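Asks: Structure here, sequence nowhere to be found:
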């Protein structure tokens, strides 16, 4: 019983109870083990009759077959259903082999009915509701995808007199299942099924011309058609390949029935499930490799930049959680509670395909125990390496959990946040700009409330505020004489970052603790931290530069070029170029307004 009491006393809502009370609770506790994949509670099933506390292993919260969160040892579940008598809102399933302590209803009600218990209920409900919302919003419907977004390679052509053997070799060499034939009467098509049925299983020689076995005329489809509509067209026509045409009626590629059948695996839903269920790091990397194609498809489907950023960030979170599973399998269970934190654009849910990874790790305690820190160094190193394999490169400034400067105990993190205020030199301002944009991704350490509490105290430190105002203009819009745009510029440094920095400044200096840039600007407007006209203009500017940035990277994906943020305004449509110039002027004007925060001579 003493072991049970000692364990419960380490975690909320039990950590404020006396030793005598903990022992009384421990006497009533029943222990229950769950095999991996076994359900403890079922969404819309029988109401919970106990409060569950995870003793070992981990449990996942599942809503409509989507994993919302993974709960670690010390975390509770079942209390919303237990308190209301209603069916569970989540299925709670063993993420791995797990053991739970089950507290009877009467005991649980006594604990949860106290002030600390009520606070715990409120905090966990808020966190799980927020996570559910972010997950649902980051998984748009696959029905929005257009057929043109499924093109992965240009079409292969041959002439009617080309030998079947050569055409087959071309299909093999380019790894395609069909080639198009340029005929006098229009397009023809030769498919792998033609080869099987008419050559391998038929009487046609491989030396015969393709005109003897090709099909003509060819059923085509415009690139703007929805994928679901194209699949119906394919079935009605009884074909397995559709050449896709652009606005000028040129063929840009061929979509096969297999492409449409695999559409679900290319959706945000399908990729996330593939990431979450990956058995090895190699299969995880394979699933992540589909993200660029899905990114292009979502952009082509008309999704706004904010939605696409949420999609990419959720996929990054899912890959991170699976890599943490793999690391724990290699290095054993964590010695103390911990929390993996996303920083930077991932924390703000503004990830792009060209983004580096920014992350940190916190673990329970106040100092730096070499043995405990060594364990988390190994975990951080493995996860950082795995994320790099998934396409998220290492940050140039090494803002990574493997780095001791970004891997600390809870006590050290709290002191670092305080030092940023007390010693606002250049290094601490840089750290604040990075670490004050944070988001909890995984782990059971409840570090978010104390860190948020410190961020909320920003207005009480005028020297820090003044110096932060100066750093908010570190990145300036690249406007030349009379507001002209340069021939080429980094749209991240000259477009996105200035707005991100402005939004962070106005949020922090008015006690606003959310991280996403658009949300910060909305909150700044509603709290009158920023006048409505400026806040709206900055939000519209951020949407525009983000859209241009995403479209630039999508064109690079389709062309097979390395990703970057270098945009040439001359390549933009005239109206977009004009809008971009006006957006950057808005940003420059908003930066000038910060002058009254900066003392002369600083």
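Replies: That came through fine. Note that the coordinates shown come from a computational prediction; the quantities given were computed from them, not determined experimentally.
Asks: CA atoms for contacts and neighbours, from now on please.
Replies: Will do.
Asks: and residue 354, helix, strand or coil?
Replies: coil (DSSP: H, G, I helix; E, B strand; the rest coil).
Asks: Pull the contacting residues for it.
Replies: Contact analysis of residue 354 by C-alpha atoms under 8 Å, 6 or more residues apart in numbering lists 392, 553, 563, 564, 565.
Asks: Correct me if wrong: residue 223 contacts residue 147.
Replies: Yes. At 5.5 Å, residue 223 counts as touching residue 147 under the criterion of C-alpha atoms under 8 Å.
Asks: Overlap in contacts, those two.
Replies: Common neighbours of residue 223 and residue 147 (C-alpha under 8 Å, 6+ apart) are residue 244.
Asks: neighbour count winner among the two?
Replies: The neighbour comparison of residue 223 against residue 147 (other C-alpha atoms under 10 Å) goes to residue 147, with 28 against 24.
Asks: Neighbours of the closest residue to the more buried one other than its chain neighbours, how many?
Replies: Spatial nearest neighbour of residue 147, excluding adjacent residues (C-alpha to C-alpha, 6 or more residues apart in numbering): residue 227 at 4.5 Å. When neighbours are counted by other C-alpha under 10 Å, residue 227 registers 23.
Asks: in this structure, which residue is closest to the centre?
Replies: Nearest to the mean C-alpha position of the chain, counting by C-alpha atoms, centre = their mean, stands residue 313 at 1.3 Å.
Asks: before we move on, back to that, what about the contacts of residue 354, which one has the most neighbours?
Replies: Within the contacts of residue 354, neighbour counts (other C-alpha under 10 Å) peak at residue 553, which reaches 25 neighbours.
Asks: The nearest residue to that one once chain neighbours are set aside and residue 391, how far apart?
Replies: Excluding its sequence neighbours, the residue lying closest to residue 553 (C-alpha to C-alpha, 6+ apart) is residue 563, at 6.0 Å. As judged by C-alpha to C-alpha, to the nearest Å, residue 563 and residue 391 stand 11 Å apart.
Asks: which residues are common contacts for those two?
Replies: Here residue 563 and residue 391 have residue 353 as joint contacts, going by C-alpha under 8 Å, 6+ apart.
Asks: okay, now residue 110: neighbour count?
Replies: Other residues near residue 110 number 10, with proximity taken as other C-alpha under 10 Å.
Asks: give me the element it is part of.
Replies: Using DSSP states H and E, residue 110 maps to helix 105-112.
Asks: And that helix, what's buried?
Replies: 107, 108, 109, 111, 112 (16 or more other C-alpha atoms under 10 Å).
Asks: What is the nearest of these to residue 340?
Replies: For the buried residues of helix 105-112, the residue nearest residue 340 by C-alpha to C-alpha is residue 112; the value is 27.3 Å.
Asks: In contact with the closest one, which residues?
Replies: Here residue 112 is in contact with 13, 118, 120, 121 (C-alpha under 8 Å, 6+ apart).
Asks: Just the buried subset of these, please.
Replies: 13, 120, 121.
Asks: ok so, going back, pLDDT on whichever helix or strand comes after the helix holding residue 110, on average?
Replies: Next along the chain after helix 105-112, taking DSSP H and E as the criterion, comes helix 115-137. The pLDDT scores in helix 115-137 average 83.
Asks: what does stretch 428-445 give?
Replies: Averaging pLDDT along stretch 428-445 yields 92.
Asks: from now on call the first residue 899
Replies: Sure, I'll start numbering at 899, so the last one becomes stretch 1326-1343.
Asks: Identify all contacting residues around it.
Replies: 967-973, 1215, 1219, 1235-1242, 1245-1246, 1260-1262, 1315, 1317-1318, 1346, 1353, 1365-1366, 1369, 1413.
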